[in-house]
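Chemist: what's the 3D shape of this:
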Amino acid sequence: MMIFLALKERLKEFYGRYATLVNGAVKFLYSMSAVTLLNGNIGYQTELTSMVAMLAIAVISAFLPYGAIGFLLGIVMLAHIYAVPWNCTDHGCGPDHSDPAVLWLSAR
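Modeler: Below you'll find the model as predicted:
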């Protein structure tokens, strides 16, 4: 039990000393994972799927508050949705054309 108490004190001391750096790193990792998931699941805007764009968004997000990060990720999501072709339901879209929802919509 003493090991856990000593570890807790060391973590509190570390966080007290490097709080700004730790918060920035957490925001960077949070936004990088969110942008990666957005690009993997939507990913129609090819300019935003590059690693340089993803890193740029994540670095900018490291200096923003969490509300602004959510707003920025919402803009990224809207950019991906805006890039979806109009005839997506007619011919199928995305990497997997055998998606049941797309086949159901295209059969109508």
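Chemist: contacts, neighbours, all on C-alpha from now
Modeler: OK.
Chemist: now Val52: how far from Glu9?
Modeler: 39 Å (Cα to Cα, to the nearest Å).
Chemist: Apologies, that question was intended for Ser31.
Modeler: For Ser31, the distance to Glu9 - Cα to Cα - is 29 Å.
Chemist: likewise Gln45?
Modeler: 46 Å.
Chemist: out of the two, which sits in the more crowded spot?
Modeler: Gln45 (18 against 12; other Cα atoms under 10 Å).
Chemist: Spell out which helix or strand contains that one, please.
Modeler: If you go by DSSP states H and E, Gln45 is not part of any helix or strand.
Chemist: Please enumerate the helices of this protein.
Modeler: 2-17, 19-41, 51-61, 66-82, 88-91, 100-107 (DSSP state H).
Chemist: For the spatially most central residue of the chain, give me its contacts.
Modeler: Geometric centre of the chain, nearest residue: Ala34, 1.6 Å, by Cα atoms, centre = their mean. Ala34 makes contacts with Leu73, as judged by Cα atoms under 8 Å, 6 or more residues apart in numbering.
Chemist: Can I get stretch 37-47 in PDB? Just the C-alpha atoms.
Modeler: Backbone C-alpha positions of stretch 37-47 (Å, rounded to 0.1, in the frame of the first residue of the first chain) are rendered in PDB as follows:
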ATOM      1  CA  LEU A  37     -11.100   8.300 -36.600                       C
ATOM      2  CA  LEU A  38     -12.900  11.000 -38.600                       C
ATOM      3  CA  ASN A  39     -10.600  10.400 -41.600                       C
ATOM      4  CA  GLY A  40     -11.000   6.600 -41.300                       C
ATOM      5  CA  ASN A  41     -14.800   6.600 -41.000                       C
ATOM      6  CA  ILE A  42     -15.700   9.500 -43.300                       C
ATOM      7  CA  GLY A  43     -12.600  10.500 -45.200                       C
ATOM      8  CA  TYR A  44     -14.000  12.000 -48.400                       C
ATOM      9  CA  GLN A  45     -12.000  15.300 -48.200                       C
ATOM     10  CA  THR A  46      -8.600  14.000 -49.500                       C
ATOM     11  CA  GLU A  47      -6.800  17.200 -48.400                       C
END
